[in-house]
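Participant: A structural model of the following input is requested.
(one chain, ligands or ions: 2)
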Amino acid sequence: MKIQHNNPDSCTACTACIAQCPVTAVTRKFRGPKMVGPALERMRLSQEDTEPSLEYCSNCKNCDIACPSGVPISTLNMLARAKSFKNRSHSLRDDMLAHGEKMAKLAEKIPGGAFLANLGMNLGGSLGLMNLAGIAGERPLPSYAAESFLRQFKKFKQQSCPDKVVFYPGCFINYNDPQVGMDFVAVMQANGYEVIVEEDFVCCGSPMVATGYLDEAGEQARTNTELLKKWRQQGYPVITCCTSCGLMLKQEYQELYDIEGMAENARNLYDGCEFLLLLADKGKLNTHFAALEEKVLYHAPCHLRAQGFGLPALDLLELIPGLRVENAGAGCCGIAGNYGFKADKYDISMAIGEKLFQRIKDSGVDTVVSDCGTCRLQIAHGAKVETVHPLTLLRRAYER
Ligand code: SF4
Ligand code: SF4
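Facilitator: Ligands and ions are numbered 1, 2, ... in the order given. Sure, this is the predicted structure:
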């Protein structure tokens with residue numbers, strides 16, 4: 001994990017970040033990472049300066065991965081974005097996209113809950129109301145699950161085991177894709193672990209940071225840091241299966257805030273596949289997999305690559321007999337969290353994803369595997385294929 005320091009003077013103007021920025025590659029509306037990040041940050045340090053094209057940075061982190069000088073370009077951009085909102089208000093659209101957890105909790109409370117909320121979103125899309133609100137109506141919004149992960153988990157009877165891990169589901173898995181959480185529990189049980197879920201965890205704050213709500217995300221960071229510290233002190237590793245949550249909890253908290261205990265917590269935090277691969281390295285992974293006779297493509301999310309621990313899902317899937325898995329290796333899918341849901345960013349987001357969509361179509365696969373929930377939505381939308389989390393395939397191989 002690379003924690004970077006917010007010093008724009010480390011930039012040597014090598015332009016590696018420009019070559020890797022997926023937004024710069026498809027639109028001239030964005031002036032590019034070097035200019036909007038370190039170059040303008042020097043100006044911002046000495047005077048109030050606003051740069052309109054900053055709006056187009058997707059916070060995908062490809063520039064940070066590429067920078068040989070360790071300049072946290074995307075973080076400089078997110079700090080500048082938050083600063084620009086000191087003198088202007090957020091739109092209703094930004095408010096909605098930044099507060100997925102709050103919206104999901106509201107939907108849970110209304111009679112008819114998820115069903116009515118999903119119906120409303122679909123109707124809003126077909127009637128063009130989403131576009132009026134600044135949300136891309138061309139793209140289906142992620143639907144709410146009939147029953148959240150937390151509710152399903154509470155009803156599930158686990159085998160008690162001496163080894164335990166704590167699960168951080170994040171809002172997307174909890175409210176939109178609880179199956180991934182239940183697959184995680186099943187895979188951990190197959191490996192002799194009992195899963196604990198901390199109900200007081202809150203949204204990691206990643207969508208808030210990307211939309212300029214830095215102070216509010218800081219409050220979330222404080223709450224989560226305390227809870228992560230509690231579990232660390234009890235000796236339980238904490239695991240997340242959402243790559244954006246993982247990046248935020250492990251790395252971005254440290255880059256954006258100064259809260260005691262974040263660095264120690266980060267050393268106790270794991271991505272689900274990262275944790276399982278560590279078990280495999282120690283010879284402790286249950287490898288009693290049944291064969292899965294199919295071919296799949298794997299898409300590595302940018303927020304996973306930014307964490308710098310390789311592609312553990314790819315290594316794990318290669319252990320399943322019969323499964324032919326290929327790395328798509330086609331770069332960013334374009335959605336970048338809530339970026340691709342914005343009406344004025346939709347075309348950019350789809351243009352970025354085009355290389356990946358074409359790669360999927362050329363491969364002839366029906367299923368694409370990816371660790372990130374929003375990458376899976378973008379791939380299903382752009383390439384019209386089934387998408388799954390790697391843990392779903394691992395669970396299938398254990399249970400066949
Ligand atoms: S975070 Fe992504 S979109 Fe923003 S400057 Fe870096 S590479 Fe470009
Ligand atoms: S990659 Fe890093 S050092 Fe090179 S231009 Fe971009 S910010 Fe500067």
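Participant: doesn't V369 belong to a strand?
Facilitator: Yes. Applying DSSP: H, G, I helix; E, B strand; the rest coil, one finds V369 inside a strand.
Participant: for whichever residue of the stretch 251-400 of the chain sits closest to ligand 1, grab the count of nearby residues.
Facilitator: Closest to ligand 1 within the stretch 251-400 of the chain is A336: 7.0 Å, counting by CB to the nearest ligand atom. Every residue, glycine included, has its C-beta placed from N, CA and C. With neighbours defined by other CB atoms under 10 Å, the count for A336 comes to 30.
Participant: which residue is the nearest non-sequential neighbour of it?
Facilitator: Distances taken as CB to CB, 6 or more residues apart in numbering place S58 nearest to A336, at 3.6 Å, with adjacent residues excluded.
Participant: what's the following helix or strand after the worst-scoring helix or strand of the chain on mean pLDDT?
Facilitator: Across the helices and strands of the chain, mean confidence by mean pLDDT, DSSP states H and E is lowest for helix 40-46: a mean of 62. Remark: after helix 40-46, the chain's next helix or strand is helix 62-66, criterion DSSP states H and E.
Participant: for ligand 2, see how far away the residue of the stretch 101-250 of the chain found nearest ligand 1 is.
Facilitator: Residue nearest to ligand 1 within the stretch 101-250 of the chain: A210 (9.6 Å; CB to the nearest ligand atom). Using CB to the nearest ligand atom, to the nearest Å, one obtains 20 Å as the distance from A210 to ligand 2.
Participant: again, but for G331
Facilitator: Applying CB to the nearest ligand atom, the value for G331 to ligand 2 is 17 Å.
Participant: do the same with G283
Facilitator: Going from G283 to ligand 2 by CB to the nearest ligand atom gives 40 Å.
Participant: check S10 too.
Facilitator: For S10, the distance to ligand 2 equals 7 Å [CB to the nearest ligand atom].
Participant: tell me how many other residues crowd the closest residue to that residue other than its chain neighbours.
Facilitator: Excluding the flanking residues, the one nearest S10 by CB to CB, 6+ apart is S69, at 4.4 Å. For S69, the count of nearby residues is 16 (other CB under 10 Å).
Participant: check K154 too.
Facilitator: As a burial measure, K154 scores 10 neighbours (other CB under 10 Å).
Participant: so who does P178 touch?
Facilitator: Counting by CB atoms under 8 Å, 6 or more residues apart in numbering, P178 makes contact with 145, 147-149, 152, 169.
Participant: in helices, which of these appear?
Facilitator: Per DSSP state H, helices hold the following members of the contacts of P178: 149, 152.
Participant: turn the contacts of P178 into CSV, columns for pLDDT, neighbour count and distance to ligand 2.
Facilitator: As requested, the contacts of P178 are exported to CSV (pLDDT from 0 to 100; neighbours: other CB atoms under 10 Å; distance: CB to the nearest ligand atom, whole Å):
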residue, pLDDT, neighbour count, distance to ligand 2
A145, 92, 20, 40
E147, 92, 13, 45
S148, 94, 23, 41
F149, 97, 25, 39
Q152, 97, 17, 44
P169, 97, 25, 34
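Participant: helix, strand or coil for V185?
Facilitator: helix.
Participant: list the residues that contact it.
Facilitator: Neighbour list for V185: 153, 156, 158, 167, 195 [criterion: CB under 8 Å, 6+ apart].
Participant: distance of N77 relative to ligand 2?
Facilitator: Taking CB to the nearest ligand atom, one finds N77 at 11 Å from ligand 2.
Participant: element containing that residue?
Facilitator: Per DSSP H and E, N77 falls inside helix 73-84.
Participant: low-confidence ranges, the stretch 1-150 of the chain, go.
Facilitator: For the stretch 1-150 of the chain, the stretches flagged by pLDDT under 70 are 1-6, 38, 42-49, 111-129.
Participant: how about the residues of it near ligand 2?
Facilitator: 11-17, 33-34, 37-38, 66-67, 69, 71, 73 (CB under 6 Å from any ligand atom).
Participant: which of the residues you listed count as buried?
Facilitator: Buried members of these, scored by 16 or more other CB atoms under 10 Å, are 11, 16-17, 33-34, 37-38, 66-67, 69, 71, 73.
Participant: now, which of these lie within helices?
Facilitator: Using DSSP H, these in helices are 16-17, 33-34, 66, 73.
Participant: okay, now the residue of the stretch 301-400 of the chain found nearest ligand 2: neighbour count?
Facilitator: Across the stretch 301-400 of the chain, no residue is closer to ligand 2 than A306, which sits at 14.1 Å (CB to the nearest ligand atom). The local packing of A306 (other CB under 10 Å) involves 22 other residues.
Participant: just checking, it touches A66?
Facilitator: No. Using CB atoms under 8 Å, A306 is not in contact with A66; the gap is 10.5 Å.
Participant: returning to that earlier point: any chance of CSV for the contacts of P178, columns distance to ligand 1?
Facilitator: What follows is the contacts of P178, written out as CSV (distance: CB to the nearest ligand atom, whole Å):
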residue, distance to ligand 1
A145, 30
E147, 35
S148, 31
F149, 29
Q152, 34
P169, 25
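Participant: which residues touch the helix or strand hosting E354?
Facilitator: If you go by DSSP H and E, E354 is part of helix 346-363. Contacting residues not belonging to helix 346-363 are listed as 22-23, 25-27, 29, 56, 58, 136, 138-139, 295, 297, 299, 326, 328-336, 339-340, 368, 378-379, 382-383, 385 [CB under 8 Å, 6+ apart].
Participant: in it, what counts as buried?
Facilitator: Residues of helix 346-363 classed as buried: 346, 348-350, 352-353, 355-357, 359-360, 363 (neighbour count, 16+ other CB under 10 Å).
Participant: same thing with stretch 137-145?
Facilitator: The neighbour-count check on stretch 137-145 (16+ other CB under 10 Å) flags 137, 139, 141-145 as buried.
Participant: what do you get for stretch 388-400?
Facilitator: Here stretch 388-400 shows 388-398 as buried, counting by 16+ other CB under 10 Å.
Participant: pick the one among those residues closest to L227.
Facilitator: The closest of the buried residues of stretch 388-400 to L227 turns out to be L391 (CB to CB; 22.9 Å).
Participant: show me what the helix or strand containing the closest one is packed against.
Facilitator: If you go by DSSP H and E, L391 is part of helix 390-399. Where contact means 3 or more CB pairs under 8 Å, 6 or more residues apart in numbering; DSSP states H and E, helix 390-399 is packed against helix 178-190, helix 272-281, helix 312-317, strand 367-370.
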